[in-house]
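Trainee: can't give you the sequence, but here's the structure:
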């Protein structure tokens with residue numbers, strides 16, 4: 001999966017906003033900032049008229065308003081006044097006699113109040129309209145509760161199983177869904193029911209969304225695609241309305257597939273809301289549960305969803321009758337990676353020396369999105385260098401970029417730092433080469449890469465591994481500590497360069513002690529609470545500690561013991577290989593990169609048993 005990073009745009013000042021603000025201020029002033037009015041008795045009002053001090057009279061049905069001249073602190077000031085109207089036939093002749101101007105006045109009726117408030121409502125309406133346009137909703141206010149799903153007709157779904165690779169088991173599980181959509185009578189004849197909901201779970205980039213589209217393409221049915229986050233809105237009830245509208249549209253076009261991507265944005269377990277409130281997301285989830293209970297799968301409506309965080313989903317979603325089938329879309333094995341590389345490189349101009357099978361072997365743990373990125377990156381590197389075809393070296397550089405980051409050629413180190421980094425990286429490689437069960441050392445470099453790496457030792461397994469023995473874990477710990485030990489042997493003191501190595505070593509040692517039962521002192525006990533599966537590499541939500549403080553102290557001691565033992569192993573190896581350590585570091589400082597035959601030769605004979613290539 002690829003993404004584009006949009007540049008920041010400067011905020012635009014619209015003249016319309018200035019007009020709206022000015023109108024609001026004016027209206028507020030006219031409605032709420034009123035001049036002071038003095039109330040007078042009718043007899044006092046007549047006295048002012050007779051004295052010739054009244055002007056601008058407004059005679060209404062119930063009141064008379066106007067201005068009169070009054071002395072305040074020895075100065076004549078005009079004051080607004082109001083008095084109650086009395087049925088006095090002599091008033092008009094008196095006004096004419098004194099030359100006072102007067103006119104009728106419209107009283108403050110309900111209609112007048114509406115006319116006064118109308119401009120405010122118009123302004124608010126315009127403001128709402130333009131806010132909706134900026135949010136991409138368009139001018140149709142009635143469409144707020146409409147589903148935002150993208151609808152692909154039968155002939156618009158161009159993806160099928162030939163475009164999907166590396167997930168053979170998942171394809172087999174979904175084959176019966178395709179058969180049901182094509183021939184529902186085959187299952188209904190024996191009374192069988194197709195699952196209402198199918199949940200695709202797996203790491204990011206494994207092809208869950210592509211697989212769902214391929215199912216629709218193979219079955220030749222419409223495909224409704226929407227993200228879970230598009231249901232959740234600021235306004236209460238909008239998400240639930242969109243769920244109802246989505247299922248209503250889908251039922252009208254059945255047989256079809258509804259696909260909700262990133263289901264965890266919508267289906268998070270209720271009660272996990274940190275505010276403790278019943279928020280809009282929970283209302284939307286409740287409506288989804290109702291709709292899943294309400295539709296008849298025999299009509300050919302299938303709900304598919306994808307998530308990489310199944311451990312946080314609400315249990316009500318996962319019970320039988322809703323998402324009752326879970327399909328694991330796992331990381332591809334070597335064969336699957338080769339098939340994916342074949343798909344993504346079919347449009348590339350490849351040189352004769354490109355061996356995709358070798359590239360697949362170098363990329364264990366890579367998912368489909370990673371492999372697509374590697375193929376594209378290799379093509380870009382070749383084009384940048386002005387080559388006629390993509391060569392094997394371009395793929396190697398693309399893999400290194402994915403693993404270690406971009407080269408930072410402008411990050412200059414002084415000679416002392418370069419020497420320390422060289423010994424550090426050679427220390428990793430030598431320890432790995434002298435211990436069985438370690439990953440093959442492919443390359444050693446002191447060219448800075450990524451955000452913080454000043455050098456790196458590239459180790460790649462030659463096969464997919466699903467289990468590791470205690471010995472292999474201890475050897476991996478020793479390899480991680482090899483850089484720190486090499487610095488101490490040569491320079492007599494450590495540096496901050498081993499920071500990341502120590503973090504990884506501590507994590508492995510803690511898992512050995514608390515999760516894998518690899519501590520004789522603590523025994524076959526697991527001290528980490530079960531957290532459920534996680535495909536993001538960050539674990540689920542941890543529960544409370546379930547052991548005593550004394551046990552915690554024993555765990556810390558055992559972790560320190562395991563790390564100290566690995567440190568002793570690394571120190572023993574590098575002390576024995578002292579001459580080779582110095583010889584390799586010296587050569588690395590000269591060429592900056594060691595790989596291929598030169599690396600094998602420097603590591604020494606007999607090291608090939610440890611899968612150094």
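Mentor: Everything's here; your move. Since the structure is predicted, the reported quantities are computational estimates derived from the model, not experimental observations.

Trainee: Could you use CA atoms for every contact and neighbour count after this?
Mentor: Fine.

Trainee: Go ahead and report the secondary structure state at residue 57.
Mentor: strand (DSSP: H, G, I helix; E, B strand; the rest coil).

Trainee: Would you agree it is in contact with residue 67?
Mentor: Yes. Counting by C-alpha atoms under 8 Å, residue 57 does reach residue 67; the two are 7.1 Å apart.

Trainee: Can you name the next helix or strand after the one helix or strand residue 291 maps to?
Mentor: Assessed by DSSP states H and E, residue 291 sits inside helix 280-294. Later in the chain than helix 280-294, the nearest helix or strand by DSSP H and E is strand 301-307.

Trainee: How much space separates residue 590 from residue 40?
Mentor: Distance, residue 590 to residue 40, by C-alpha to C-alpha, to the nearest Å: 104 Å.

Trainee: now residue 151
Mentor: Remark: distance between residue 151 and residue 40 (C-alpha to C-alpha) = 72 Å.

Trainee: And for residue 65?
Mentor: Computed with C-alpha to C-alpha, the distance linking residue 65 and residue 40 is 10 Å.

Trainee: So those two - more neighbours on which side?
Mentor: residue 65 (22 against 12; other C-alpha atoms under 10 Å).

Trainee: Quick check on residue 257: phi, psi?
Mentor: phi -120, psi 130 (degrees, to the nearest 10).

Trainee: now swap in residue 219 and tell me
Mentor: In this entry, residue 219 is assigned phi and psi values of phi -80, psi -20 (degrees, to the nearest 10).

Trainee: Pull out the buried residues from stretch 352-367.
Mentor: For stretch 352-367, a neighbour-count test (16 or more other C-alpha atoms under 10 Å) marks 354, 356, 359, 360, 361, 362, 363, 364, 365, 366, 367 as buried.

Trainee: just stretch 169-185 next, same as before
Mentor: 170, 171, 174, 177, 178, 180, 181, 182, 184.

Trainee: what helix or strand does the second one sit in?
Mentor: The secondary structure element spanning residue 171 is helix 168-182 (assigned by DSSP H and E).

Trainee: could you give the mean pLDDT of that helix?
Mentor: For helix 168-182, mean pLDDT rounds to 87.

Trainee: how about residue 199, what does it touch?
Mentor: By C-alpha atoms under 8 Å, 6 or more residues apart in numbering, the residues touching residue 199 are 304, 305, 306, 307, 323, 324, 325, 326, 327.

Trainee: Strands of the stretch 351-500 of the chain, start to end?
Mentor: With DSSP state E, counting those that start in this stretch as the criterion, the stretch 351-500 of the chain has strands at 440-445, 456-460.

Trainee: which of the ones you listed has the lowest average pLDDT?
Mentor: Lowest mean pLDDT within the strands of the stretch 351-500 of the chain: strand 456-460, at a mean of 84.

Trainee: quick one, that one and strand 440-445 angle?
Mentor: Comparing the axes of strand 456-460 and strand 440-445 via axes from the mean of the first three to the mean of the last three C-alpha atoms, to 10 degrees yields an angle of 160 degrees.

Trainee: What strands line up against strand 456-460, and which way round?
Mentor: Strands that pair with strand 456-460, judged by DSSP bridges, come out as strand 440-445 (antiparallel).

Trainee: Going by neighbour count, which residues of the strand it pairs with are buried?
Mentor: Across strand 440-445, burial judged by 16+ other C-alpha under 10 Å covers 440, 441, 442, 443, 444, 445.

Trainee: if we look at it, which residues are touching it?
Mentor: By C-alpha under 8 Å, 6+ apart, the list of residues contacting strand 440-445 from outside reads 422, 425-426, 429, 432-433, 455-462, 588, 592-596, 599, 610-613.

Trainee: what residues are up against residue 244?
Mentor: Each residue near residue 244 by C-alpha under 8 Å, 6+ apart is listed here: 287, 288, 291.

Trainee: Reformat these as CSV; add distance to residue 124.
Mentor: CSV is the format used below for the contacts of residue 244 (distance: C-alpha to C-alpha, whole Å):
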residue, distance to residue 124
287, 31
288, 33
291, 36
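
Trainee: out of these, who's nearest residue 253?
Mentor: Checking the contacts of residue 244 against residue 253 by C-alpha to C-alpha gives residue 291 as the nearest, at 16.1 Å.

Trainee: now that we're looking at the closest one, how far away is residue 303 from it?
Mentor: Counting by C-alpha to C-alpha - residue 291 and residue 303 are separated by 11 Å.

Trainee: which of the two has more neighbours?
Mentor: Neighbour comparison, residue 291 and residue 303: the larger count goes to residue 303, with 22 against 17 (by other C-alpha under 10 Å).

Trainee: Name whatever forms a beta bridge with the more buried one.
Mentor: Assigned bridge partners for residue 303, using DSSP bridges, are residue 197, residue 258.

Trainee: can you pull the contacts of it?
Mentor: Contact analysis of residue 303 by C-alpha under 8 Å, 6+ apart lists 196, 197, 198, 257, 258, 259, 260.

Trainee: residues in contact with the second one?
Mentor: For residue 197, the contact set (C-alpha under 8 Å, 6+ apart) comprises 302, 303, 304, 305, 321, 322, 323, 324, 325.

Trainee: Angles on the backbone of the fifth one, please.
Mentor: Torsion angles at residue 321 (phi, psi; degrees, to the nearest 10) stand at phi 100, psi -10.

Trainee: Report the separation between the closest residue to it other than its chain neighbours and residue 319.
Mentor: Leaving aside its sequence neighbours, residue 321 sits nearest to residue 196 (C-alpha to C-alpha, 6 or more residues apart in numbering; 6.4 Å). Distance, residue 196 to residue 319, using C-alpha to C-alpha: 11 Å.

Trainee: So which of these two has more stuff around it?
Mentor: residue 196 (22 against 11).

Trainee: right, and that one touches residue 320 too?
Mentor: No. Taking contacts as C-alpha under 8 Å, residue 196 lies outside contact range of residue 320: 9.0 Å.
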